[in-house]
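Asker: How does the following fold in three dimensions:
(one chain, ligands or ions: 1)
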Amino acid sequence: MVTKQALTSNGWEANVEIGIKDRRIAHIRPAPHGATPTVGLALAAPLNLHSHSFQRAMSGLTEARGPDPSDSFWTWRRLMYKFLDQLTPDQIQAIAAQVFLEMLEAGYSSVAEFHYLHHNAGGVPYANLAELSEQIVEAAKDVGIGLTLLPVLYQFGGLDKRPLAGGQRRFGNDPMQFARLHEGAAKAVATGPEDFNIGVAPHSLRAVDTLGLSDALSLAGNGPVHMHLAEQVAEVEEVQAALNARPTEWLLSNYDVDPRWCLIHCTQMTPLETQALAATGAVAGLCPITEANLGDGIFNGTHYLGHGGNIGFGSDSTVHISLFEELKSLEYSQRLRDKSRAALAKADRSTGRVLFEAAARGGAQAGGRDSGTLAVGKLADILAVDLDNEWGVNRSGDMALDTLIFGGNGQRCISDVWSAGRHVVKEGRHIERERITKKFTATMAELEQNI
Ligand code: ZN
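Answerer: Take a look at the predicted model:
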């Protein structure tokens, strides 16, 4: 492709040609004299580091006041458990395919699917233990998104080791059964293209014990390790009561957290914990749209980035999938809290540039994916934006990124997305949108909404 502008590992470059070969970037060089640009602006398409794809089917179902007068996160969670009890493997694949399509259209190249829905209703394992992992892999193959599959170990309903109940039973495994499930999931991942990989996800400190956590880590090899951490005040209190330490404090003093780790949310950390987590090199996996939707709290981005911490972004509940809006939401949460402006900007980089580069770099690190910047040899994860419109007119460099993120219509400017060289979004639409969305809407029509 020939692009008018590109944000490469060397910074902004004008009029360059980017060549793709065997899924990777083969060259980035000055465009031939007089060559007509095929795209307006090229960026490294980030990995979406946190997704529970099935929750997309619940988007819009949980905004009314529930029976619980405080209408808390836990009301939402009960509704989610009830809803998912009806989902079949076919439906789970159809929903995942739509979610992955929407991620590509939003500018993500790839996704780390935090996959905890393993068994049939009531917790009965399928004949093939990894049945639902296979459905996720098939959906990713069908849509052409890059996949980091994170099979989730979920043992208990809380720190008192109460057994899983109701809809939660579809998640449950003991460490031995989980090892077999993980093996099956790894086989499924191996049927995908070479940019598919596997990691492991001990669900949270509430849902695994130390034995389970250690067993899960032994399955990870060199792959990524993801875990929910310090999302809700009630969770912090429960961990504190049971383990005599706050979640982040406990994890950091008991495990060797390193750059392979991605801790999801971290909205409930003290300044000291924020600084200590930043120093590990792990990625804080932020999901600002979902965190706002669930009322989790505000991640301390200024403090964490100020101490050199790595961040990336995920769409988590997939209530609304928008890369640019995730970035904007984090920045606005800091401004609202601190009554400030340009909270995450640096002297040499605008807010949008800081956010976008952090998202691309941190996402790749969290997914163990060889991308995150436009450079020769990296996977060809590329997002192209058209600036020849009312938003992009007369915008370049950092200001173009700022306009895409804060101007509000960035997503509508996306023209093309390549995932490891697969050109899956053209003229702003996924190349198989009609077929995949038809199956999704048919699935949605089958599902009981009044739960
Ligand atoms: Zn999550």
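
Asker: Which parts of the stretch 301-450 of the chain are helices?
Answerer: 301-306, 323-338, 351-367, 397-406, 433-446 (DSSP state H, counting those that start in this stretch).

Asker: same question but for the stretch 51-200 of the chain, I mixed them up
Answerer: Assigned by DSSP H, counting those that start in this stretch, the helices in the stretch 51-200 of the chain fall at 73-84, 89-105, 131-143, 175-190.

Asker: about what we covered before: please work out which of the helices of the stretch 301-450 of the chain is packed deepest.
Answerer: Burial of the helices of the stretch 301-450 of the chain is given as mean neighbour count (mean count of other CB atoms under 10 Å); helix 351-367 ranks first at a mean of 26. C-beta: built from backbone N, CA, C; applies to glycine.

Asker: if we can go back for a sec, looking at the helices of the stretch 301-450 of the chain, which is nearest to L79?
Answerer: Ranking those by proximity to L79 (CB to CB) places helix 433-446 first, at 16.5 Å.

Asker: chain center to the closest one: distance?
Answerer: 23 Å (CA atoms, centre = their mean, to the nearest Å).

Asker: other SSEs contacting it?
Answerer: Packing partners of helix 433-446 (3 or more CB pairs under 8 Å, 6 or more residues apart in numbering; DSSP states H and E): helix 89-105.

Asker: Recalculate using a threshold of 10 Å.
Answerer: helix 89-105, helix 131-143 (3 or more CB pairs under 10 Å, 6 or more residues apart in numbering; DSSP states H and E).

Asker: tilt between it and helix 131-143?
Answerer: 150 degrees (axes from the mean of the first three to the mean of the last three CA atoms, to 10 degrees).

Asker: Just the C-alpha atoms of helix 433-446, please, in CSV.
Answerer: In CSV, the C-alpha atoms belonging to helix 433-446 read as follows (Å, rounded to 0.1, in the frame of the first residue of the first chain):
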residue,chain,number,x,y,z
ARG,A,433,-20.1,-8.9,7.0
GLU,A,434,-23.3,-9.9,5.4
ARG,A,435,-23.0,-13.7,6.0
ILE,A,436,-21.6,-13.4,9.6
THR,A,437,-24.1,-10.8,10.7
LYS,A,438,-27.0,-12.7,9.3
LYS,A,439,-26.1,-15.7,11.4
PHE,A,440,-25.6,-13.5,14.5
THR,A,441,-29.0,-11.8,14.1
ALA,A,442,-30.7,-15.2,13.6
THR,A,443,-29.0,-16.4,16.8
MET,A,444,-30.1,-13.3,18.7
ALA,A,445,-33.7,-13.8,17.6
GLU,A,446,-33.6,-17.3,19.1
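
Asker: And the contacts of that helix?
Answerer: 56-57, 86-88, 90-102, 104-105, 139, 142-143, 425, 430 (CB atoms under 10 Å, 6 or more residues apart in numbering).

Asker: filter the residues you listed to the buried ones?
Answerer: 56-57, 87, 91-102, 104-105, 139, 142-143, 425, 430 (16 or more other CB atoms under 10 Å).

Asker: so where's the chain uncertain?
Answerer: 65-73, 408, 450-451 (pLDDT under 70).

Asker: After the longest strand belonging to it, which helix or strand is next?
Answerer: Once the chain is assigned using DSSP state E, the strand that runs over the most residues is strand 11-21. Counting by DSSP states H and E, the next helix or strand C-terminal to strand 11-21 is strand 24-30.

Asker: the inter-axis angle of that next one versus strand 11-21?
Answerer: Between strand 24-30 and strand 11-21, the angle comes out at 130 degrees (the same axes, to 10 degrees).

Asker: Neighbouring strands of the helix or strand just after strand 24-30 in the sheet, and parallel or not?
Answerer: Next helix or strand after strand 24-30 toward the C-terminus (DSSP H and E): strand 39-44. Strand 39-44 has the following strand partners under DSSP bridges: strand 2-8 (parallel), strand 382-385 (antiparallel).

Asker: Determine how far the last one lies from the middle of the whole chain.
Answerer: On the basis of CA atoms, centre = their mean, strand 382-385 is displaced by 18 Å from the centre of the chain it belongs to.

Asker: can you check stretch 358-372 too?
Answerer: 11 Å.

Asker: could I get the helices of the stretch 51-200 of the chain as a markdown table with distance to G377?
Answerer: Output for these, formatted as a markdown table (distance: least, CB to CB, whole Å):
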| stretch | distance to G377 |
| --- | --- |
| helix 73-84 | 41 |
| helix 89-105 | 23 |
| helix 131-143 | 24 |
| helix 175-190 | 23 |
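
Asker: Quick one: closest of those helices to L404.
Answerer: helix 89-105 (14.6 Å).

Asker: ok so, going back, what's the angle between the longest strand of the chain and helix 351-367?
Answerer: Between the axes of strand 11-21 and helix 351-367, defined by the same axes, to 10 degrees, the angle is 40 degrees.

Asker: tell me what strand 11-21 is packed against?
Answerer: strand 2-8, strand 24-30, strand 39-44, helix 351-367, strand 382-385, helix 397-406.

Asker: Mind putting these into JSON lines with distance to K82?
Answerer: Shown next, in JSON lines, are these (distance: least, CB to CB, whole Å):
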{"stretch": "strand 2-8", "distance to K82": "44"}
{"stretch": "strand 24-30", "distance to K82": "45"}
{"stretch": "strand 39-44", "distance to K82": "40"}
{"stretch": "helix 351-367", "distance to K82": "31"}
{"stretch": "strand 382-385", "distance to K82": "37"}
{"stretch": "helix 397-406", "distance to K82": "36"}
